[in-house]
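Colleague: Just the structure for this:
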Amino acid sequence: MVLTDADLLKGRDPVEACRRAVAGGATMIQVRLKDAAPREVLILAVALVGALAVPILVNDRVDVALAAGAAGAHLGQDDPPLDRLRPHVPPGFLLGVSVGTAAEAERARPWPADYWSIGPCFATPNKPDAGPPLGPAGLAALARHAPGGLPVIGIGGITAANAGAVVRAGAVGVAVIGAVWSASDPTAAARALRAAVA
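Modeller: Next up, the predicted model:
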């Protein structure tokens, strides 16, 4: 999963940039524009839904995701709980949740999530309020709290060099920002990550 980031995209067309990431093997795109107005997020989500064949998720905003025809939304611990949201979204609409501590894992355990995003796995400059890095062992410990069979993905400071360790620790995949958008060639960067995960 590749998350959009206006700062790292540095004015590049986000739709074309995401198209390049998907060409390299990204299997999901998450629209994450932390300081943007909901209308801006909606415009980008609609454009990505129309341009790409992979699922598009929207960070924090279920309403925007539904309006855009996106595949789902990704929520943090401070967003409305998934058990309250699930009855109001259509069948098949994906709801993911961030988990970074054992307390958050226990809180999220009864929620009807489609996946957990566990992190930060490593130090990351892209989320200043992220907690201390968990490392692969920390991810594995939190993943054990997930309901049986629920997929978990790793996030936070993940690169092609360390993605394999995250998968070996129990993640089915990874979510990245800088590993793709800081690269001169997003397609090649996504391809390297895909190979590392595989």
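Colleague: and the worst-scoring helix or strand of the chain on mean pLDDT, what does it pack onto?
Modeller: Least confident helix or strand of the chain, by mean pLDDT, DSSP states H and E, is helix 6-9 with a mean of 90. Counting contacts by 3 or more C-beta pairs under 8 Å, 6 or more residues apart in numbering; DSSP states H and E, helix 6-9 packs against helix 178-181. All C-beta spots, glycine's among them, are computed from the backbone N, C-alpha and C.
Colleague: Regarding the chain, what is its longest helix?
Modeller: In the chain, assigned by DSSP state H, the helix with the most residues is helix 38-51.
Colleague: what about the spatially most central residue of the chain, helix or strand, and which?
Modeller: The centroid of the chain falls nearest to Ala175 when counting by C-alpha atoms, centre = their mean (4.8 Å). Assigned by DSSP states H and E, Ala175 belongs to strand 173-175.
Colleague: so what strands line up beside that strand?
Modeller: The pairing partners recorded for strand 173-175 under DSSP bridges are strand 152-155 (parallel).
Colleague: Buried residues of the next helix or strand after the partner strand, list them for me.
Modeller: Where DSSP H and E defines the elements, the next helix or strand beyond strand 152-155 is helix 163-168. Within helix 163-168, the residues that count as buried by 16 or more other C-beta atoms under 10 Å are 163-167.
Colleague: mind checking pLDDT for the residue of the chain most remote from its centre?
Modeller: In the chain, counting by C-alpha atoms, centre = their mean, Pro87 sits farthest out from the average C-alpha position, at 22.4 Å. Looking at Pro87, its pLDDT stands at 95.
Colleague: now do Ala130
Modeller: 67.
Colleague: before we move on, back to that, make sure the residue farthest from the centre of the chain is indeed in a helix.
Modeller: Yes: per DSSP: H, G, I helix; E, B strand; the rest coil, Pro87 lies within a helix segment.
Colleague: What residues does it make contact with?
Modeller: Shown in contact with Pro87 (C-beta atoms under 8 Å, 6 or more residues apart in numbering): no residues.
Colleague: How about Gly11?
Modeller: For Gly11, the contact set (C-beta under 8 Å, 6+ apart) is empty.
Colleague: List phi and psi for it.
Modeller: Backbone geometry at Gly11, expressed as degrees, to the nearest 10, gives phi 80, psi -10.
Colleague: now it: how far from Arg19?
Modeller: Distance of Gly11 to Arg19, computed by C-beta to C-beta, to the nearest Å: 16 Å.
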